Structure formats: C-alpha cells, structure tokens
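K.L.:
Generate a structure from the sequence data that follows.
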Amino acid sequence: PRTGIVHASIIAMKGTRATPMTQSRHRSSRATCLRRLMASSSVMDRPSFTHHHISTPDAEHAIDTLDQISHLQSKQSDDSDTIETIAESQVEQQQLELIEYESGGLVRVVHSEDELLQIFNEDEKQETFVIEFAQRKCRPCRYFEKKFVRLAQTYGPKSVQFLKLYGETNESTKNLFRKYRVTATPSFLLFKEGELVKRMWGINERKLTDKIEAVLFNDSDDEMVVPPA
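P.N.:
Predicted structure coming up:
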C-alpha cells in the first residue's frame, strides 16, 4: 500500500481502521503528511473528506493545524481592516481641521458640511458665495480652474467668496453632493445669505458670470432652483 498523504486520505475517507503496520508508517511520516496537506488542497476538496470521517490521529492533527492557520489568517485580516479604518478616520479628522486655499488664496477648499456652515455664519461681509462642486480627477474641473480664479479676482472685491468642494474628500463631502443633488461635475451653486439661489452645471464662464451678476444685483431670471434634500 502507498504511504503518506494519498494512503492516509484513502483510509480517512473510507472510515476504516488502519493496521498496526500502517499506523507505524503514519507516525514515522507525520511531518511529511502535514507538509503535503498544507501544500495541497486536492484531498480536502473532496466532499467526503470531513471531520467525522477522520479516524487516524495524523489526519486529525493535520486538520487541527490547518484550522489554527486559517484562524490566524482571519485574525490578521481583521486587524488589518481595523488599522485601515483608524487611519482613514485620522485623515478625515485632519482634513476637517484644515483651512485650505487654492489658487493663491483666492479659492477656499471646503472639507465638510460643518465647515461650510461655519463659513456662512462667520463671513457676514461675504453675503454671496459661489461653490464649485468638483472631483480631483475631473478633467473639465481642471480645465475651468483658471477661469474660476479669474472670476474670483473679478468678484472677490465685490463681497463674493469662491469656494471649492471635492466630493471624494470624505463622507461629509459626499453627503453634501447628495444633499444638493449634484450628479455631475463641475457644478456651481450660488448662495445668498446662506440660501441656495442659483445653480448651473458645465464650464460656461459667460453663463456663470451672468448668474453671479444676477445675484449681486437681485436680478431674477425666473430660474427654478432645486431645493436641497
């Protein structure tokens, strides 16, 4: 009869009692059997190879060892997920505490809904806000960046503050996208005294300029503004 993994698996699957000679061979080849079991899953893949069919001490020991290895691997995976979650939380917290400007200080980057509300409440002189809802990998957003800066240079002295919000920054910015029903970037939302009054999508500088002018001079263009969710 064959020795090692093949013979041990046949005996285990049949549920028969091993002879004294076979038992001796099993004991002498325990290390080899265990290494082969760990290196190959072909035997364990057979549906009849289950714990209640095992009758040899060597096979039982091998299965216990594999169970322990599987448990350790699962624990390591859980620990890795926990560390990753903690790291993401720390990054988000740093982003929330950061006051960031782009384009030479002309455009402030918003990292959360709380920060946006704080800006609305603190900057009483800046009654009008133009917020660009963007994505960092959005090509039209990058293309429009210089034009957005030009608008900030023109209307910044007229009590208009220009803000930018990246949707992928954290969960709070994602919620702002959902709250204001932003489904495409770049989208521009105009606020007057904290209230959404106009919005547009796309990179039409002339159109955005007209909307800013309309807000500044209280000129209604009969636009139907979708309210926040």
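
K.L.:
Please enumerate the strands of this structure.
P.N.:
When assigned using DSSP state E, the strands of the chain occupy the ranges 100-102, 107-110, 128-134, 160-166, 187-192, 195-201.

K.L.:
partner strands of the fifth one, parallel or antiparallel?
P.N.:
Strand partners for strand 187-192, identified by DSSP bridges, are recorded as strand 128-134 (antiparallel), strand 195-201 (antiparallel).

K.L.:
Show me what that strand is in contact with.
P.N.:
Identification of contacts with strand 187-192 by C-beta atoms under 8 Å, 6 or more residues apart in numbering yields 120, 127-133, 180, 182, 196-201, 208, 211-212, 215. Glycine gets a C-beta too; all of them are placed from N, C-alpha and C.

K.L.:
what angle separates that strand from strand 160-166?
P.N.:
Comparing the axes of strand 187-192 and strand 160-166 via axes from the mean of the first three to the mean of the last three C-alpha atoms, to 10 degrees yields an angle of 140 degrees.

K.L.:
Could you do the last one as well?
P.N.:
Inter-element angle recorded for strand 195-201 and strand 160-166: 60 degrees (by the same axes, to 10 degrees).

K.L.:
Buried residues, strand 195-201. List them.
P.N.:
By 16 or more other C-beta atoms under 10 Å, the buried positions in strand 195-201 come out as 196-201.

K.L.:
farthest pair in those?
P.N.:
Looking at those by C-beta to C-beta, the two members farthest from one another are V197 and W201, with 15.8 Å of separation.

K.L.:
What segments of this protein are helices?
P.N.:
Along the chain, the segments classed as helices by DSSP state H run 5-14, 20-28, 30-39, 57-97, 113-122, 139-155, 171-179, 205-216.

K.L.:
Could you dump the strands of the chain into TSV and include distance to C141 and mean pLDDT?
P.N.:
Shown next, in TSV, are those (distance: least, C-beta to C-beta, whole Å; pLDDT from 0 to 100):
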stretch	distance to C141	mean pLDDT
strand 100-102	12	84
strand 107-110	12	95
strand 128-134	4	96
strand 160-166	9	95
strand 187-192	10	96
strand 195-201	12	95
